[in-house]
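A structural model of the following input is requested.
(chains A and B)
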2 protein chains.
Amino acid sequence: MNGAKSLVETLLASGVDTCFANPGTSEMHFVAALDQIPGMKCVLGLQENIVTGMADGYFRIARKPACTLLHCGPGLANGLGNLHNARRARSGIVNIVGDQATYHRPFDAPLTADTDGMARTVSQWVQTSTSPAGLGHDAALAVRAAKTYPGQIATLILPADVSWEGGGVVAAPITPPAPPAIDGHVVENAARILRNNQNVLILLAGHGVLSAAQALAWRIASATGAKVMADYVSAHVARGRGRMQLDRVPYDMDAAISALQPFEHIILVNAKPPVGFFGYPELPSRQYSPTTQLHVLSRPDQDAVGALKALVDALSAPEVENSDPGPRPETVSGTPTPEGLAQTLAALMPENSIISDESISYGRGFYKFTHAAPAHDWLHLAGGAIGDGMPVATGAAIGAGKQRRVINLQADGSAMYSLQSLWTQARDQLPVTTIILNNSKYNILIGEYKNVGAVPGDTAMSMLDLGNPFLNWVQLANGMGVEAARATTLDECADLMKSSFNRNGPFLIELMI
Amino acid sequence: MNGAKSLVETLLASGVDTCFANPGTSEMHFVAALDQIPGMKCVLGLQENIVTGMADGYFRIARKPACTLLHCGPGLANGLGNLHNARRARSGIVNIVGDQATYHRPFDAPLTADTDGMARTVSQWVQTSTSPAGLGHDAALAVRAAKTYPGQIATLILPADVSWEGGGVVAAPITPPAPPAIDGHVVENAARILRNNQNVLILLAGHGVLSAAQALAWRIASATGAKVMADYVSAHVARGRGRMQLDRVPYDMDAAISALQPFEHIILVNAKPPVGFFGYPELPSRQYSPTTQLHVLSRPDQDAVGALKALVDALSAPEVENSDPGPRPETVSGTPTPEGLAQTLAALMPENSIISDESISYGRGFYKFTHAAPAHDWLHLAGGAIGDGMPVATGAAIGAGKQRRVINLQADGSAMYSLQSLWTQARDQLPVTTIILNNSKYNILIGEYKNVGAVPGDTAMSMLDLGNPFLNWVQLANGMGVEAARATTLDECADLMKSSFNRNGPFLIELMI
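Residues are numbered from 1 along each chain as shown, chains lettered A, B, ... in the order given. The predicted structure follows:
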């Protein structure tokens, strides 16, 4: 058995059965092994940032890692942006990066690069396999690393000769370590703070914003009068009817400071201390008051549900009914507005939808109008590297086995980073409805420029405007085999949403905002 | 004066007057400085690999570095693929990478990444500026590094507060070092080898394949009977009437070995010892015979023209007439073939055209049929990371001040890596004719798979075929504001080429092959 076959068999034995790929010459023996061993679903992305973004979206919904197949250092480099986002989202991914044969690497052929150095910038685990006999074990270790709670980026670099030479050994799965236990003193401290203070915020992130943890947080809040919020950096929030009406810490620095400043105590549940996305002149880095006390109930690598359960027990917090979010909104007519689009979305989204939200500036207020929508999962850009919305939507659809409607709320500037995703959606006939929010500019940056203290001049606008020439998203989608239509009113958008939700395959709505 | 303004003033004083950009929040003060200080041409790319690829193409034609403007580590990461290619092409580029404010970095906000680590994987020079007072000097050092012969990647990381704080000082340009001198003994040795042996190859790369060096190599070959070839890894070859009929070492390993094996001596002029693009089972890494003697006349960082001139003098090699490449080919009719397309190209290309060649498998034989074309520059993918053809074409058009026709011979699979380039071509009305070679597959990989010893099965083809759905390049180009048409015969292709060469702006021909 060559190394490649032992690798495929080990991945399958370890529960990795989906491979997002853009292979090259040095991966051909691995591709041949995938051909010969049934069981791995292979999904082609036309650029590596699509590949890695799909693996991120897949993990967020399937809650298990896929592998990626990437070609040499530069192929990995092309996918680093969305691996950065996946790392911030705490997604688990096993990257298989084919590379020069071990004996060929010293000759510094053109594609030779610092693959290991590139991998280390985004990975919690990196290893270069050096023999077919050890490759299976390396792969089992990679999967273990990717599955380590809540999820990690593991990169296995695979020299071509390690792949093609004989002597491969299939390795048994290796159980990932349990998350570090929550110390009882920490729970007792949090309970004491909650009992004795009124100005307490419970800040949730990671698994803390999924439904099981939310229900526990809601019991604690009801019993103690504490406030609950989601960290701005939340990759995946369970929302809609039956879940908490959870607000996120705002992106805007002034708004975030206003929201957090009042709290004397913040209890962190898998959240980091909240800080600004960027530093700004005259503004602090921290969004909470200098006098706020922070209490870590659970670190990001600890079990959020277990921590909240222990706190519920310590407080003897009674069960509570879910709060009623009010009636489901109705569709809105007329000129597109963020509020109108959010209400229309809430009115129409199918039960158990997945929202991939890279709406950037347009979508800051979407939460308020969608609490009363049917239960759904909302996926956010967690790492700030634009270009994850479309591939995450694509991977999420695969992670859900094509059984759930995915709705991608997508800013146009960010969409141009990874538009190739549409082709994979068409190829795999994925139930993804993309709503391009076409404002023909990098609107967030025009706002940031104004914060610098001036109106953008011609040179600045040459770098911030996307309107010349006009990006025609209907043509772009059609060019990649995705049906599409333009909407200039919310009524048209609603009609297109409804019809797209009844399709099996993808559809793109270009909403002029 | 804030840091940003001192940076812009220093870049301009150092001769850097073109900025390929995709800025973000942390770059807004730099963008504002570009607004306030005239003289910098700013060109927006819709994804960073377009930005860096344009800077590479610009350098190859303008022969001076541009700067790029990139947003944080992930923005740099998105551009690493084409920086890898630019490094292999020995192009000079000054990357300005905005990053978190120095005091904000420790808070590990979402976009915080190992920017320095990412930069080091592709750059010969990396520095993070730490004060506005030192930023101008850092920028002058960066330009010096980028201009160091034959060209280097310099990356200046610019924390946002270093950009916005006062105390900036404009720095005077710093002269780059002269290339290390060629030792007289090396020249004498090469002359002795050439005088005493018949089986000698002069292998040219870098500036060795530009016209001045070619003329000198031709004199040496005529005087001694040596053979001359261009390294396969040549970023920019001067070709056509008035230049040598120079062949490149073939890509195919067997063909390369056949071509190089006969030579007892290889004299390297800015070329590295020729090795395979990849290692293959049962094949050696080196393409030359184990008994071949290598002689380094000039290293890649030494002056190729000076070295060849010294060798001409040592040999007293007389001036020679340029060899006649024969009559200019005529256009070819009928079904597209590589040979027919090359002849049609040779028949129609305007004098002084620039060819950006990312034709991959289809284009291996283009040279043979284009020797008798008018003088032109031929740009190749030097680093093997696909996706450079379109942005290099775009940057080359800007580097030529829009005064030369650029013809991009572009494989479809590689084109999907950086199709956003078309938008910049339309925005800046660049004279680029793109010929998409649409075969709807990763043809090179299907060949490589067969080398593994089998016909690709369904799983393999799911990763190698691009035909489902069909990529419609006319629609894709139109969607980005570029006029386009499909050709299914060489006659149609010729007609479209002719009409596109009379336009001011871009045009795309989708050639079905």
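
where are the low-confidence patches of the stretch 301-450 of chain A?
Low-confidence segments of the stretch 301-450 of chain A (pLDDT under 70): none present.

Which stretches in it count as strands?
For the stretch 301-450 of chain A, the strands defined by DSSP state E, counting those that start in this stretch occupy A:353-358, A:376-380, A:406-411, A:432-438.

Can I get the ones you listed in JSON lines including mean neighbour count?
Every residue, glycine included, has its C-beta placed from N, CA and C. Below are those laid out as JSON lines (neighbours: other C-beta atoms under 10 Å in any protein chain shown):
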{"stretch": "strand A:353-358", "mean neighbour count": "26"}
{"stretch": "strand A:376-380", "mean neighbour count": "25"}
{"stretch": "strand A:406-411", "mean neighbour count": "28"}
{"stretch": "strand A:432-438", "mean neighbour count": "27"}
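
Which parts of the stretch 201-350 of chain A are helices?
Secondary structure of the stretch 201-350 of chain A (DSSP state H, counting those that start in this stretch): helices at A:211-224, A:253-260, A:304-315, A:338-348.

Could I get the contacting residues of the residue of the stretch 301-450 of chain A found nearest chain B?
Distances between the stretch 301-450 of chain A and chain B by C-beta to the nearest C-beta are smallest at A:Ala385, namely 3.4 Å. By C-beta atoms under 8 Å, 6 or more residues apart in numbering or on different chains, the contact list for A:Ala385 reads A:Gly81, A:Asn82, A:His84, A:Asn85, B:Cys72, B:Pro74, B:Gly75, B:Ala77, B:Asn78, B:Leu111.

Give me the nearest residue to the fifth one, chain neighbours excluded.
The shortest distance from B:Cys72 to any residue other than its chain neighbours is 4.7 Å, reached at B:Leu111 (C-beta to C-beta, 6 or more residues apart in numbering or on different chains).

show me what contacts the one you found?
So B:Leu111 contacts A:Phe277, A:Phe278, A:Gly383, A:Gly384, A:Ala385, B:Ser26, B:His71, B:Cys72, B:Gly73, B:Pro74, B:Gln100 (C-beta under 8 Å, 6+ apart).

Of the residues you listed, which belong to strands?
Residues from the contacts of B:Leu111 lying in strands, with DSSP state E as the criterion: B:His71.

Give me the neighbour count for the nearest residue to A:Thr115 once chain neighbours are set aside.
Nearest non-adjacent residue to A:Thr115, counting by C-beta to C-beta, 6+ apart: A:Gly73, 3.8 Å away. A:Gly73 has 27 neighbours, counted by other C-beta atoms under 10 Å in any protein chain shown.

I'd say A:Gly73 and B:Thr121 touch.
Yes - here A:Gly73 reaches B:Thr121: they are 7.2 Å apart, a contact under C-beta atoms under 8 Å.

between those two, what contacts are shared?
A:Ala113, A:Asp114, A:Met118, B:His84.

what about the first one, how many neighbours?
Residues near A:Ala113, counting by other C-beta under 10 Å, number 27.

Need the three-state assignment for it.
Here A:Ala113 is recorded as coil under DSSP: H, G, I helix; E, B strand; the rest coil.

show me the contacts for it.
Shown in contact with A:Ala113 (C-beta under 8 Å, 6+ apart): A:Cys72, A:Gly73, A:Pro74, A:Ala77, B:His84, B:Thr121, B:Val122.

want to throw these into TSV with pLDDT and distance to A:Gln36?
Below are the contacts of A:Ala113 laid out as TSV (pLDDT from 0 to 100; distance: C-beta to C-beta, whole Å):
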residue	pLDDT	distance to A:Gln36
A:Cys72	98	23
A:Gly73	98	27
A:Pro74	98	28
A:Ala77	98	30
B:His84	98	32
B:Thr121	98	34
B:Val122	98	36
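
What residues sit buried inside stretch A:90-106?
Buried positions in stretch A:90-106, judged by neighbour count with 16 or more other C-beta atoms under 10 Å in any protein chain shown: A:90-102, A:104-105.

from the middle of its chain, how far away would that stretch be?
Taking the mean of its C-alpha atoms, stretch A:90-106 sits 23 Å from the chain's own mean (C-alpha atoms, centre = their mean, to the nearest Å).

Could you do stretch A:32-39 as well?
Remark: stretch A:32-39 is offset 29 Å from the chain centroid, using C-alpha atoms, centre = their mean.

Could you check it against chain B for contacts?
Yes - shown here: stretch A:32-39 in contact with chain B (C-beta under 8 Å from any C-beta of the partner chain) through A:Ala32, A:Leu34, A:Asp35, A:Gln36.

now stretch A:275-293
Yes - counting by C-beta under 8 Å from any C-beta, chain B is contacted by stretch A:275-293 at A:Val275, A:Gly276, A:Phe277, A:Phe278, A:Gly279, A:Pro281, A:Ser285, A:Arg286.

For A:Ala229, give me its contacts.
Just to correct that, residue A:229 is Met rather than Ala. A:Leu201, A:Ile202, A:Leu203, A:Leu204, A:Leu246, A:Asp247, A:Arg248, A:Val249, A:Ala259.

Could you pull up the residues touching the residue of the stretch 151-300 of chain A found nearest chain B?
Nearest residue of the stretch 151-300 of chain A to chain B: A:Gly279, at 3.2 Å (C-beta to the nearest C-beta). Residues near A:Gly279 by C-beta under 8 Å, 6+ apart: A:Ser285, B:Gln100, B:Ala101, B:Tyr103, B:His104, B:Ala160, B:Asp161.

Next one: it from A:Thr128, what distance?
37 Å (C-beta to C-beta, to the nearest Å).

Likewise for A:Leu7?
13 Å.

For these two, indicate the residue with more neighbours.
Between A:Leu7 and A:Thr128, A:Leu7 has the larger neighbour count (other C-beta under 10 Å), namely 32 against 18.

hang on, the earlier thing: with distance to B:Ala226 as extra columns, can I get the helices of the stretch 201-350 of chain A in TSV?
Below are the helices of the stretch 201-350 of chain A laid out as TSV (distance: least, C-beta to C-beta, whole Å):
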stretch	distance to B:Ala226
helix A:211-224	75
helix A:253-260	68
helix A:304-315	72
helix A:338-348	71
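
Any chance of CSV for those helices, columns distance to chain B and mean neighbour count?
Formatted as CSV, these follow (distance: least, C-beta to the nearest C-beta, whole Å; neighbours: other C-beta atoms under 10 Å in any protein chain shown):
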stretch, distance to chain B, mean neighbour count
helix A:211-224, 21, 21
helix A:253-260, 11, 17
helix A:304-315, 19, 22
helix A:338-348, 20, 22
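
of all these, which lies closest to B:Pro180?
For B:Pro180, the closest of these is helix A:253-260, at 51.5 Å, according to C-beta to C-beta.

and that closest one, what does it pack onto?
The helices and strands touching helix A:253-260, judged by 3 or more C-beta pairs under 8 Å, 6 or more residues apart in numbering or on different chains; DSSP states H and E, number zero.

average pLDDT for it?
Mean pLDDT, helix A:253-260: 96.

Please save the CA atoms from it in PDB.
Output of helix A:253-260 as PDB, limited to C-alpha atoms (Å, rounded to 0.1, in the frame of the first residue of the first chain):
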ATOM      1  CA  MET A 253     -16.400  51.200  18.700                       C
ATOM      2  CA  ASP A 254     -18.500  54.000  20.200                       C
ATOM      3  CA  ALA A 255     -21.600  51.800  20.300                       C
ATOM      4  CA  ALA A 256     -19.700  48.900  21.800                       C
ATOM      5  CA  ILE A 257     -18.300  51.100  24.500                       C
ATOM      6  CA  SER A 258     -21.700  52.400  25.300                       C
ATOM      7  CA  ALA A 259     -23.100  48.900  25.400                       C
ATOM      8  CA  LEU A 260     -20.400  47.400  27.700                       C
END
